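# Got a predicted structure plus its sequence, pasted below:
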Amino acid sequence: MTIRFPAGRAAVLLAALVSTGCATKGDLRDLQTEMRNLAERQDSLMVELRRQNRTTQDSIRRTSDQLFETRGDVSVRLGGIENSIERLTEVVGQMQQGLVDVRDQLGSGGGMRGSMGGSNPLGGGQPAGDAVADYNAAVRVYNMQQWTAARMGFEDFIQNYPSDELVPAAYYYLGEVWVQLDEPENAIEAYETVVQYHIGSDHAPLARLGLGLTYLEQGETALARNQFETLINTWGDHEAADRAREALAGMGGRPS
């Protein structure tokens, strides 16, 4: 049976055996073999330690890179959130100003037709000035591009004053609002109300143009062409007819 010793003890034992003359050749070979095996295992362990060290360093490097990227992503998102908050604050401020303007309009009763006076066509006890003030308030919000508030304003006006002479204009603007809100079907319905029931209104050619443009945006070129041609044939000298001619030219048609 061969007795194995740790490297240190093997070296000491070898020296002792040699000094006392007790070591045999077999013992020396065994000790030398054991020392070589120990050296090889030591080298193998060193190689493994170096490999693990490189792996650990690579892992630390990747983690550091990920943390850096995460910090950058978080910074970008925080910047986006701050910009959104600023825009939201601006919109809220505009809406508040719009409400103040609406309140002022309701209080003053001034506006586009404020000098006309007269009684309410519905005979409901409200003076015509209230209808004018409500309409002008809705237009003011519309001009501020507060589309949802403008929609509510024009819808309320139409509901409260269905026989007022400003109703066709309110329907036209309502169609424009629906376009901005990306609701083409509702826009078409509002425009068609003008051209079907208020054909003599000053806003009828504008509503016809709105119909044509809305159909064109929806890819309904035949319907769009029909609206443009009808507009040109009916109101050829109107500014809206010039717009219709331009649209037809862009479609490859021959404007009338």
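Perfect, thanks for sending it.
# Please count neighbours and contacts with C-alpha atoms only from this point.
OK.
# tell me the mean pLDDT over stretch 39-47?
The pLDDT scores in stretch 39-47 average 83.
# scratch that, stretch 136-152 is what I was asking about
Across stretch 136-152, the average pLDDT comes to 96.
# How about that stretch, which residues are buried there?
By 16 or more other Cα atoms under 10 Å, the buried positions in stretch 136-152 come out as 136-142, 146-147, 149-151.
# Could you do stretch 185-202 as well?
For stretch 185-202, a neighbour-count test (16+ other Cα under 10 Å) marks 186-188, 190-195, 198-199, 201 as buried.
# I would like the residues contacting that stretch, please.
Applying Cα atoms under 8 Å, 6 or more residues apart in numbering, the contact partners of stretch 185-202 are 168-169, 171-172, 174-179, 203-205, 207-208, 210-211, 214.
# Enumerate every residue touching V179.
For V179, the contact set (Cα under 8 Å, 6+ apart) comprises 187, 214.
# Would you pull up how far the one helix or strand it maps to lies from the middle of the chain?
Here V179, judged by DSSP states H and E, is contained in helix 167-180. Distance of helix 167-180 from its chain centroid, counting by Cα atoms, centre = their mean, to the nearest Å, is 25 Å.
# Any buried residues in that helix, and which?
Buried-residue list, helix 167-180, by 16+ other Cα under 10 Å: 167-179.
# coming back round to it: and the buried residues of stretch 185-202, which two are the farthest apart?
Using Cα to Cα, the two most remote members of the buried residues of stretch 185-202 are N186 and S201, lying 20.2 Å apart.
# what residues go with each domain of this structure?
7-93, 103-250 (automatic domain parsing).
# Tell me which of the ones you listed sits most buried.
Highest mean neighbour count among the domains of the chain (mean count of other Cα atoms under 10 Å): domain 103-250, with a mean of 19.
# between the buried residues of helix 167-180, which is closest to L67?
Taking those together and measuring to L67 by Cα to Cα, the closest member is V179, at 45.6 Å.
# So the closest one versus N37, what's the distance?
Distance check for V179 against N37: by Cα to Cα, to the nearest Å, it reads 86 Å.
# distance of G212 from N53?
G212 is 73 Å from N53, by Cα to Cα.
# In helices, which of the buried residues of stretch 136-152 fall?
Counting by DSSP state H, these place 136-142, 147, 149-151 in helices.
# Out of those residues, which two are the most distant from each other?
N136 and W147 (14.7 Å).
# and L67, what pLDDT?
77.
# Helix or strand for it, just tell me which one.
helix 25-108.
# returning to that earlier point: take the buried residues of stretch 185-202 and lay them out in TSV including distance to P162, secondary structure and pLDDT.
Shown next, in TSV, are these (distance: Cα to Cα, whole Å; DSSP: H, G, I helix; E, B strand; the rest coil; pLDDT from 0 to 100):
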residue	distance to P162	secondary structure	pLDDT
N186	18	helix	98
A187	19	helix	98
I188	19	helix	98
A190	14	helix	98
Y191	16	helix	98
E192	16	helix	98
T193	12	helix	98
V194	13	helix	98
V195	16	helix	97
H198	12	coil	97
I199	16	coil	95
S201	15	coil	96
